[in-house]
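Asker: sequence-free structure coming up:
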């Protein structure tokens with residue numbers, strides 16, 4: 001077993017003078033030996049401030065050199081970083097700190113200075129992440145740093161679910177998950193070992209992808225990690241060209257915006273070797289643009305905060321077909337039934353992931369009932385509706401909690417969305433179920449259009465002419481300027497439902 005710190009320490013031993021972290025905006029470069037030395041000094045400073053093995057410490061910082069060093073330093077000291085989205089409201093962060101019984105917090109100024117953070121118990125650090133030098137000098141110490149060698153089942157990190165429908169849940173990860181969560185990118189996306197790797201950090205560090213599959217991966221392979229604080233398409237394209245970036249991991253929204261930028265202002269992105277995406281379904285038109293305008297090997301990753309790298313597609317042109325990953329074991333079981341009984345090929349059910357797979361989480365922090373609901377009989381229930389084919393490929397059909405039941409019929413929103421996205425005037429389509437007195441629920445389509453906005457009747461005629469069954473057609477439409485999403489591109493369902501129902505156009509009842 002390699003911990004995150006093991007991977008960084010060994011990378012430093014192999015190539016101490018190689019560059020590990022680059023922040024182009026702030027003109028900061030840190031070599032592996034400098035990184036290791038500063039991590040050790042900050043860890044010693046944290047120990048002097050009362051941090052000890054097992055201390056849970058909330059960390060809410062934007063992507064920055066400081067965040068990279070602090071996360072590694074807390075880990076080195078034996079603490080458990082609980083990584084939180086710094087864009088949450090101060091009261092939301094305060095609620096997570098209290099519910100998670102944190103021993104302290106490391107916050108950006110906007111959060112640290114907010115009234116809800118007054119009288120936070122334990123360690124409280126306000127960390128600046130701007131300027132020409134990193135803001136950690138006052139934390140460093142030459143004091144003693146005890147050796148720390150954790151067992152594989154000891155807690156290493158806490159990450160949070162996206163919280164699109166409620167309060168985010170703390171996902172507890174053991175030390176044994178680190179290696180597989182980083183190195184699956186070698187087996188599934190084709191990364192190669194060596195200092196030639198230049199990986200751009202578009203994904204937030206508080207997300208498992210941004211931390212393990214981008215940041216830790218880059219360091220474990222002796223590559224360079226490029227800090228990106230805020231995604232701006234034109235600046236990202238310029239950075240890829242100027243620094244000859246080889247590895248890019250983003251959401252479909254990232255990639256679509258990046259392509260829009262290079263079509264407006266051409267850039268040389270020929271250095272890209274791997275382009276990986278996750279976080280949401282890639283609409284076919286966006287995938288076509290990705291294949292046409294971005295070089296390198298393309299990989300679609302399916303996973304969750306709880307299980308990370310369960311499935312992948314080497315060739316995203318195959319659409320919904322995915323294959324089990326090297327570090328995972330999956331099966332499709334009856335919805336609501338025992339995970340011990342796998343369904344035969346071709347039958348629709350719920351996707352489950354083996355709980356003893358290297359990457360699978362331990363529990364939800366301080367939520368035993370939620371843990372029991374998801375970890376059952378040795379399997380993690382994903383709540384994803386799927387079909388396993390005879391050749392082992394898995395097709396994701398939708399989410400159990402997104403399922404629309406209209407007149408007793410099950411409707412997967414993704415089926416309807418795929419049809420609507422093919423309409424030339426539709427840029428985005430998200431489908432919801434809304435209450436209906438007659439049918440229980442009816443299908444509401446939320447549409448973001450290109451310049452020429454279609455009417456509800458035009459879209460209905462398009463659906464009638466498609467392969468979509470009549471009972472699956474939307475019976476109402478809401479035309480919006482944008483779909484509310486979080487930083488991982490996931491739809492904020494409650495916010496969308498409120499906005500959409502206030503402006504929806506209902507079709508005549510039939």
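Answerer: Arrived safely, thanks for sending. Fair warning: this is a prediction, and the values are worked out from it, not measured in the lab.

Asker: can you tell me the average pLDDT over stretch 220-228?
Answerer: Here stretch 220-228 scores 98 as its mean pLDDT.

Asker: please name the bridge partners of residue 348.
Answerer: When bridges are called by DSSP bridges, residue 348 pairs up with residue 387.

Asker: contacts only, for it.
Answerer: 332, 385-387, 397 (CB atoms under 8 Å, 6 or more residues apart in numbering). For the C-beta atoms, the positions are set from N, CA and C on the backbone; glycine is no exception.

Asker: for it, give its distance to residue 325.
Answerer: Distance from residue 348 to residue 325, counting by CB to CB, to the nearest Å: 22 Å.

Asker: give me the number of residues near residue 389?
Answerer: Neighbour count for residue 389, taken as other CB atoms under 10 Å: 12.

Asker: residue 142 now?
Answerer: 9.

Asker: in three-state terms, label it for me.
Answerer: Under DSSP: H, G, I helix; E, B strand; the rest coil, residue 142 falls in the coil class.

Asker: doesn't residue 502 belong to a strand?
Answerer: No. Under three-state DSSP, residue 502 falls outside any strand and is assigned helix.

Asker: and this structure, what are its domains?
Answerer: 4-128+149-387, 403-506 (the TED database).

Asker: can you lay out those as JSON lines showing distance to residue 138?
Answerer: Compiled in JSON lines, these are given as follows (distance: least, CB to CB, whole Å):
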{"stretch": "domain 4-128+149-387", "distance to residue 138": "8"}
{"stretch": "domain 403-506", "distance to residue 138": "29"}
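
Asker: deepest-packed of those domains, please.
Answerer: Highest mean neighbour count of the domains of the chain: domain 4-128+149-387, a mean of 20 (counted as mean count of other CB atoms under 10 Å).

Asker: pull the residues that contact the one helix or strand residue 46 maps to.
Answerer: Element membership of residue 46 [criterion: DSSP states H and E] is helix 32-48. Applying CB under 8 Å, 6+ apart, the contact partners of helix 32-48 are 5, 8-9, 11-12, 15-21, 30, 69-70, 72-74, 76-77, 79, 123, 134, 136, 139-146, 219, 222.

Asker: shouldn't residue 51 be within a helix?
Answerer: No. Residue 51: not assigned to a helix; according to three-state DSSP it is coil.

Asker: my guess is it meets residue 77, correct?
Answerer: Yes. The pair residue 51 / residue 77 is scored as a contact, 5.2 Å apart, by CB atoms under 8 Å.

Asker: so where is this protein shaky, pLDDT-wise?
Answerer: Along the chain, the model assigns pLDDT under 70 to residues 132-134, 163-166, 279-281, 315-320, 487-488, 510.

Asker: and the furthest pair within the contacts of residue 348?
Answerer: Pairwise distances among those were taken by CB to CB; the largest, 10.2 Å, belongs to 332 and 397.

Asker: give me the common contacts of these two.
Answerer: Common neighbours of residue 332 and residue 397 (criterion: CB under 8 Å, 6+ apart): 348, 386-387.

Asker: what sits opposite residue 436 in the beta ladder?
Answerer: Residue 436 has the following beta-bridge partners by DSSP bridges: residue 440.

Asker: okay, it and residue 472: tell me how far apart.
Answerer: Noted for residue 436: a distance of 14 Å to residue 472, by CB to CB.

Asker: for residue 200, same thing?
Answerer: Noted for residue 200: a distance of 39 Å to residue 472, by CB to CB.

Asker: and for residue 348?
Answerer: 15 Å.

Asker: what does residue 495 give?
Answerer: Residue 495 is 25 Å from residue 472, by CB to CB.

Asker: before we move on, what about residue 196?
Answerer: Computed as CB to CB, the residue 196 to residue 472 distance reads 49 Å.

Asker: same question for residue 357.
Answerer: Applying CB to CB, the value for residue 357 to residue 472 is 35 Å.

Asker: any chance of the backbone angles for the spatially closest residue to residue 162 that is not a sequence neighbour?
Answerer: In space, and not counting its chain neighbours, residue 162 is closest to residue 490: 4.9 Å by CB to CB, 6 or more residues apart in numbering. The phi and psi torsions at residue 490 (degrees, to the nearest 10) take the values phi -80, psi 140.

Asker: quick one: the helices in the stretch 401-510 of the chain?
Answerer: Ranges of helices within the stretch 401-510 of the chain are 413-420, 456-464, 493-503, based on DSSP state H, counting those that start in this stretch.

Asker: and if you look at the stretch 201-350 of the chain?
Answerer: Applying DSSP H, counting those that start in this stretch to the stretch 201-350 of the chain gives helices spanning 208, 217-220, 233-243, 252-264, 284-293.

Asker: let me have the ones you listed in TSV, adding distance to residue 179 as columns.
Answerer: Shown next, in TSV, are those (distance: least, CB to CB, whole Å):
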stretch	distance to residue 179
helix 208	14
helix 217-220	8
helix 233-243	27
helix 252-264	26
helix 284-293	29
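
Asker: quick check: residue 259 vs residue 421, distance?
Answerer: Distance, residue 259 to residue 421, by CB to CB: 16 Å.

Asker: just checking, residue 492 touches residue 484?
Answerer: Yes. Contact status for residue 492 versus residue 484: in contact at 4.3 Å, counting by CB under 8 Å.

Asker: so what sits opposite residue 107 in the bridge?
Answerer: Applying DSSP bridges, one finds that residue 107 bridges with residue 60, residue 126.

Asker: does residue 351 sit in a helix, a strand or a coil?
Answerer: strand.

Asker: distance of the residue lying closest to it once chain neighbours are set aside relative to residue 380?
Answerer: Spatial nearest neighbour of residue 351, excluding adjacent residues (CB to CB, 6+ apart): residue 386 at 4.1 Å. Here residue 386 is placed at a distance of 14 Å from residue 380 (CB to CB).

Asker: just residue 289 next, same as before
Answerer: Counting by CB to CB, the gap from residue 289 to residue 380 is 34 Å.

Asker: same check on residue 24?
Answerer: Taken as CB to CB, the span from residue 24 to residue 380 is 39 Å.

Asker: check residue 374 too.
Answerer: Using CB to CB, one gets 6 Å for the distance from residue 374 to residue 380.

Asker: spell out which residues are contacts of both of these two.
Answerer: residue 306.

Asker: surely residue 206 meets residue 87?
Answerer: No. Using CB under 8 Å as the test, residue 206 is too far from residue 87 to be in contact (9.3 Å).

Asker: not counting its neighbours along the chain, what's nearest residue 407?
Answerer: Nearest residue to residue 407, sequence neighbours excluded (CB to CB, 6+ apart): residue 439, at 4.5 Å.
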